[in-house]
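> Build me a model from this:
(chains A, B and C)
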Amino acid sequence: MLDYKDMGPRSLLVDSFDDVADHLLIDSENLEVPVIYDPNIPQASSISRRWNALFGEWYMLLDDELEILLFTLNNDGYDALVGLGPGSTPAGDDFLTGMHIALRWMGHNFENVISFRNLESRTTWFSSCMLRDAACGLTWYRSKKLLEALSKGADGEVEDALNEVMSMGHTSGRAWISGFFHAVSVCNSSSWEAKNRCNGWK
Amino acid sequence: MQRVEVVRGVYYDSVSLMRVAQELTKIDGVIDATLNMATEANIKIMSAAGFDLSGLDLRPSDLVIAVKAKEEIIDEIIAKAKEYLSNPPWKTTEISQQYFPKSLNGALSMLPEANLALISIAGQYAGDEAMECLNKGLHVMLYSDNVSLEKEIELKNTAKEKGLLVMGPDCGTAVIKGIGLGFANACPVGPVGMVAAAGTGLQEVHVQLAHRGIGVLHAIGTGGRDVKEAVGGITSLMGIEALLESDDVKVIVMVGKPPAPEVEKKIFQRLASGNKPAVLGYIGGELEGDRPPIYFCKELEETAAVAAAVVNGTDPALARKDLSLKYEHLKELASHFGKRKGYLRGLYSGGTLCYEAQLIASKLLGPIYSNAPLDGRYKLSDSLKSIGNCMVDYGEDEFTQGRLHPMMDSTFRAKRMIEEAKDDEVGVILFDCVLGYGCHESPADQLASAISQVKREVGDRVIFVGYVCGVEADPQIASRQRKILEDVGVVLADSNAQAARLACLLLQ
Amino acid sequence: MAIKDLLTNGPIVVNIGIEQFYHDLKKQDAKVVHVDWRPSALKSDLLSKLRKLREGGAN
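Below is the predicted model:
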């Protein structure tokens, strides 16, 4: 965590103290940490068609060192992305997190994207928390800003929000955006194949 | 020893590749390094530079990493090259990353009110990308060169139908409503509108006008081939039309080599029937005699001086006279510095500046050898080896493949200065130092270190004459650049034309 | 007329290619977006490779 804006949902704090979790009482009302945003992923009222071209760029973001994600995705599917790729949070996990947040935002259930069994043994502790948070409908400050900007359809705000997300580490932001755009792109698409895939997620 | 490594199916833009090459050559033990996409032209140039590419099955989508270095480090250097490609060392990690869209459509979703595309990708792709932009209703500035003549004609005809402008190909500079695109100087805005077929030609007139207190509102680049018969001056004429219509433009200035006769006629007729005075700076042209309110000039500073007079409502003849006097005074200056024996060697980053210098020098010294000569008989067989009185344009193809444009990096030119000075038949070295957006952050520093080295090695035998083409508001700050050069003993002139004249006078 | 609008409104730029030009335009407070451009031949090449992989039968 580099910045107060990066502080994730409080579920992370509890999970890191496995041994003492039962004995620990967190009195969040008396903590000095200000609650600065609501981590709950909202439901999109509508998604402006304006951004369709950007959503369609999802696969172009997986270039250079992230190419491995694209190949793996098409060869082996979503589950194979868990724990895969460069970065201190493996880029594959960032991709999947972005996906799950997009799906939740669009009102889908996404239980059928990846298996959450033994997640902690398949990737880093941090990533598995991130994925589980997304599964619980919770997200980081920066991505929340992006969701708000996309719903509003406000010019400069989307660009600013995307830049903020991009700054989440060397490759994390890019992979996250790619996953997010991928999910929206699939669910927006009129192709038979895409519709099928999206239905499988509902 | 040398090593050539091929990376298949990737794409890197030439500037990034050049910067990686630059970083590699800084390493001890590396003699030369170059990274290029394997186009036919690049393969030829790399082979000419002494790299063995025979037996390699290469496609334009392959990246060739070629290194000459000490045997014991060569593996390491190749590895470093690959590392620098994915993790550019010049990008500090503190700079937050930005989301850059990957497609034209993605970009337009972020900036739907966009009205112009500035395209500087490799020539083989640039034409098609430009067409796509025109189809989306965008004007196009095509910085890229190596776009075919057929493509240029197709683009300009399409653009004309849609009422759109295509500036280029090979258009390095433009100014729209005071905003510089590509290589441009931070000059003030004012009542002049320019149409220019020549990058540094535009810059020199722009800067010289600024020095005379005259601003430029628009400078429409046309690319070098626009005024040839095949293209018919499509962009030039559309530009003139737009400037004639614009209420804020009071004087029109054109800069470039003389157009094809048919095109020249069309331009003159349109301007003559227009409602504004015009100054036609056909550099190296033959036209004599003004036809007010249309004036004809043959040199860049002259064009600016006459245009300034027209704006101010003073007599252009007086302006020309003033200029002649200034040029006369250069003789005294030359005497003051003392004549030198030997040859003149000009090393230029600006193509039009080199061209103008050749025009002036050929009248004072006789034939001038060059890699881009006025007279084909005096073409250098090897651009790296000077003959007699000689001027080299470092912006020509053989220098820009595998290297940054000389306005972005003067290292190569600086090395040449040292070589030239070693030859005791050389008396004067003449050079330009172009500033502005797009250019290196301090070209003067790059050149100054070479010049001081020369002074240490050969003392005063060689005299350096230079011209800083820029203004105070440029990122490099003109006065600072001038001081750096003056501090190492360079004699600076106030214009390209004066620098060329002074250099010649120092030899006679 | 479109050129008249360009000159009246000033350039609002899509920069495709050299990133430095994007930064220089930003320095002048111009509205600009930069496209991190790749040849589409490469993109479609990659996509057809992907299609082949999928058709070839994944695990």
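> quick one: the residue most central in space within chain B from chain A, how far?
Nearest to the mean C-alpha position of chain B, counting by CA atoms, centre = their mean, stands B:Gly350 at 3.9 Å. According to CB to the nearest CB, to the nearest Å, B:Gly350 stands 35 Å off from chain A. C-beta: built from backbone N, CA, C; applies to glycine.
> What of B:Lys321?
When CB to the nearest CB is the yardstick, B:Lys321 and chain A sit 54 Å from each other.
> what about the residue in chain A that chain C sits nearest to, how many residues close to it?
With CB to the nearest CB as the measure, A:Asn74 is the residue of chain A nearest to chain C, at 4.4 Å. As a burial measure, A:Asn74 scores 18 neighbours (other CB atoms under 10 Å in any protein chain shown).
> Is it in a helix, a strand, or coil?
Put simply, A:Asn74 is helix when judged by DSSP: H, G, I helix; E, B strand; the rest coil.
> per-residue confidence averaged over stretch B:451-461?
The pLDDT scores in stretch B:451-461 average 91.
> where does chain A have low pLDDT?
Counting by pLDDT under 70, chain A contains low-confidence ranges at A:1-36.
> same deal with chain B?
Applying pLDDT under 70 to chain B picks out residues B:90-96, B:402.
> Contacts only, for the residue lying farthest from the centre of chain B.
Computed with CA atoms, centre = their mean, the maximum C-alpha offset from the centroid of chain B is found at B:Glu72, amounting to 39.4 Å. Contact partners of B:Glu72, counting by CB atoms under 8 Å, 6 or more residues apart in numbering or on different chains, are B:Gly29.
> How many residues are close by the nearest residue to B:Gly256 once chain neighbours are set aside?
Spatially, and ignoring its direct neighbours in sequence, B:Gly256 is nearest to B:Ala197 (3.1 Å; CB to CB, 6 or more residues apart in numbering or on different chains). Neighbouring residues of B:Ala197 were enumerated by other CB under 10 Å; the total is 28.
> B:Gly436 contacts B:Phe183, doesn't it?
Yes: counting by CB atoms under 8 Å, B:Gly436 touches B:Phe183, with 5.8 Å between them.
> Residues that sit against both of those two, list them.
Taking CB under 8 Å, 6+ apart as the contact rule, the neighbours common to B:Gly436 and B:Phe183 are B:Gln203.
> isn't B:Gly342 right up against B:Gly427?
Yes: contact status for B:Gly342 versus B:Gly427: in contact at 3.2 Å, counting by CB under 8 Å.
> More neighbours: which of those two?
Between B:Gly342 and B:Gly427, counted using other CB under 10 Å, the more crowded position is B:Gly427 (19 against 15).
> List the residues that contact the more buried one.
For B:Gly427, the contacting residues are B:340-344, B:461-463, B:506-507, taking CB under 8 Å, 6+ apart as the criterion.
> What parts of chain C come near chain B?
C:1-21, C:24-25, C:27-28, C:30-39, C:41-42, C:45-46 (CB under 8 Å from any CB of the partner chain).
> Recalculate using a threshold of 6 Å.
If contacts are counted using CB under 6 Å from any CB of the partner chain, the residues of chain C sitting beside chain B are C:1-3, C:6-7, C:10-18, C:21, C:24, C:28, C:30, C:33-39, C:42.
> Spell out the secondary structure type for the residue nearest to B:Asp409 when sequence neighbours are not counted.
The shortest distance from B:Asp409 to any residue that is not its chain neighbour, by CB to CB, 6+ apart, is 5.8 Å, and that residue is B:His440. Using three-state DSSP, the three-state assignment for B:His440 comes out as coil.
> give me the number of residues near B:His440?
A count of nearby residues for B:His440, using other CB under 10 Å, gives 22.
> so it touches B:Pro406, yeah?
No: counting by CB atoms under 6 Å, B:His440 stays clear of B:Pro406, with 9.1 Å between them.
> In the contacts of B:Gly427, find the pair that's most separated.
Spatially, the most separated pair among the contacts of B:Gly427 is B:Leu344 and B:Arg461, at 13.9 Å (CB to CB).
> and those two? which has more neighbours close in?
For the pair B:Leu344 and B:Arg461, the greater number of neighbours falls to B:Leu344 (26 against 15), based on other CB under 10 Å.
> Now do the helix or strand harbouring the more buried one: everything it contacts.
With elements taken from DSSP states H and E, the one containing B:Leu344 is strand B:343-348. For strand B:343-348, the surrounding residues in contact (CB atoms under 6 Å, 6 or more residues apart in numbering or on different chains) are B:354, B:357, B:386, B:388-393, B:413, B:416, B:420, B:425-426, B:428-432, B:503, B:507.
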